[in-house]
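Student: Any chance you could fold what I've pasted below:
(one chain, ligands or ions: 2)
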Amino acid sequence: MNQEDTGSVLQPGAKRGEMIAVCSGKGGIGRTVLAANLAVALTKKNIQIGLLDGNFQFGDIALSLDLHPTCTIKDVAEGIADMDRYTFANYLIHHSSGVKVLAAPDRPEFADLITPVVIDRAVDLLLAQHDYLIVDTGVGLQEKTIQFIEKADQIFLLTTPEMAAIKSTKLMLETLELLGHRDKTQLVINRSTMESVIKASDVSEILGFETPLYIPSEPQLVAQSLNVGIPFVANHAKTDISKAVFKLAEQLVSRREISLFKPAKQGSFFQQLFHKTPKTTT
Ligand SMILES: Nc1ncnc2c1ncn2[C@@H]1O[C@H](COP(=O)(O)OP(=O)(O)OP(=O)(O)O)[C@@H](O)[C@H]1O
Ligand SMILES: [Mg+2]
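Tutor: Ligands and ions are numbered 1, 2, ... in the order given. You can find the predicted model right below:
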């Protein structure tokens, strides 16, 4: 099937959710932890949340939520010719929080089956059915990750206050700028309270990014959460790390409400809502 055969699943004027791509230049930086916990935190807002594991070779979103997928995006790829929004719903795994998950293939060799056409169709179908779509992407700037970046409304670019992570993040930011996606990029400093010669507060200066978000370091809690497959926002809601994720969810939802309320504002969604306080017109 070629690109033109995909058709659009979004009718003009139809509801479209907001897509957030969780990215990082370096692996093992916390993309899966943030994607899974943010998705579950957003369900507390009584809205529909989709979660796509875009790490097609070694995705571990299902593991992080203690899900045992019977279907994955590989099945979507195999059934793409007859896929519509009703059949597509059968491929989503329901988490107890309400998050609907499209899992990554269960073996790395299946990743090649997930073509750009499949990604395009899966993302559009997920956006048609959910208020937010969180995508845990592959590491760095692989072709498929770039496709997610291009389709996303916001990019959460994760780093930690460590030199190797900062170096990769700087290169990612420069590339995102070249691709014209800097405006929709939000820097997230994960493990901001970890012991490091580089202070979290210096990271934004090094990277030339004024308004990062901070997620504290809680190694034991996060490791335990991943091991048992229960997101910490679900059972340790009062901890600092959960509060940081809930705050992020709150900001996303309130910004979206503002943007939907004021659709005619100039500039990018991200510029308006992250960097500038909207001026009152009264
Ligand atoms: N805020 C945090 N505090 C402490 N440890 C954390 C935090 N976030 C992530 N970690 C730890 O970092 C490790 C990597 O996390 P995670 O698997 O989410 O990263 P990733 O970017 O998805 O990695 P990969 O590139 O392998 O997909 C895990 O062992 C996790 O326990
Ligand atoms: Mg991961």
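Student: Quick one: residues contacting Ser24.
Tutor: By Cβ atoms under 8 Å, 6 or more residues apart in numbering, the contact list for Ser24 reads 30-31, 139-140, 157-159, 165, 168-169, 172. To be clear about C-beta, it is placed using only N, CA and C from the backbone, and glycine gets the same treatment.
Student: For stretch 224-234, what is the distance to the chain centroid?
Tutor: Computed by Cα atoms, centre = their mean, to the nearest Å, the chain-centroid distance of stretch 224-234 equals 18 Å.
Student: buried set for that stretch?
Tutor: Using 16 or more other Cβ atoms under 10 Å as the test for burial, stretch 224-234 gives 225-226, 229-234.
Student: and stretch 206-223, is it in reach of ligand 1?
Tutor: Yes: for stretch 206-223 and ligand 1, the contact criterion (Cβ under 6 Å from any ligand atom) is met by 215, 217-219, 222-223.
Student: farthest-separated two in the residues you listed?
Tutor: For the residues of stretch 206-223 next to ligand 1, the farthest-apart pair by Cβ to Cβ is Ile215 and Ala223; their separation is 14.9 Å.
Student: So the two - more neighbours on which side?
Tutor: Shown here are Ile215 and Ala223; by other Cβ atoms under 10 Å, Ile215 has more neighbours (26 against 11).
Student: just checking, the more buried one touches Leu34?
Tutor: Yes: the pair Ile215 / Leu34 is scored as a contact, 6.8 Å apart, by Cβ atoms under 8 Å.
Student: got any residues that touch both of these two?
Tutor: Taking Cβ under 8 Å, 6+ apart as the contact rule, Ile215 and Leu34 both touch 188, 190, 245.
Student: mind putting those residues in CSV, distance to Ala111 and neighbour count included?
Tutor: Shown next, in CSV, are the shared contacts of Ile215 and Leu34 (distance: Cβ to Cβ, whole Å; neighbours: other Cβ atoms under 10 Å):
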residue, distance to Ala111, neighbour count
Val188, 26, 27
Asn190, 25, 26
Val245, 28, 25
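Student: ok so, going back, any idea which of the buried residues of stretch 224-234 is the one closest to Ser254?
Tutor: For those, the residue nearest Ser254 by Cβ to Cβ is Val233; the value is 17.8 Å.
Student: hmm, back to that, sitting in helices, which of the buried residues of stretch 224-234 do you find?
Tutor: 225-226, 232-234 (DSSP state H).
Student: I'd like those residues laid out as TSV, including distance to Asp240 and pLDDT.
Tutor: TSV is the format used below for these (distance: Cβ to Cβ, whole Å; pLDDT from 0 to 100):
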residue	distance to Asp240	pLDDT
Ser225	14	98
Leu226	18	97
Phe232	10	98
Val233	12	98
Ala234	16	98
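Student: Ile146: which of the residues you listed is nearest?
Tutor: For these, the closest approach to Ile146 (Cβ to Cβ) belongs to Leu226, at 27.1 Å.
Student: Now do the residue of the stretch 151-282 of the chain found nearest ligand 2 against ligand 1, distance only.
Tutor: Using Cβ to the ion, the closest approach of the stretch 151-282 of the chain to ligand 2 is made by Leu226 at 9.7 Å. According to Cβ to the nearest ligand atom, to the nearest Å, Leu226 and ligand 1 sit 5 Å apart.
Student: ok, residues contacting the top helix by length along the chain?
Tutor: Secondary structure of the chain per DSSP H: the longest helix is helix 240-261. For helix 240-261, the external contacting residues (Cβ under 8 Å, 6+ apart) are 18, 20, 34, 37-38, 41-42, 44-45, 47, 132, 154, 188, 213-218, 221-222, 232-233, 236-237, 265, 269, 272-274, 278.
Student: Could you tell me what pLDDT the model assigned to the nearest residue to Ile80 once chain neighbours are set aside?
Tutor: Ranked by Cβ to Cβ, 6 or more residues apart in numbering and with sequence neighbours excluded, the top spatial neighbour of Ile80 is Val118, at 5.7 Å. Here the pLDDT value assigned to Val118 is 97.
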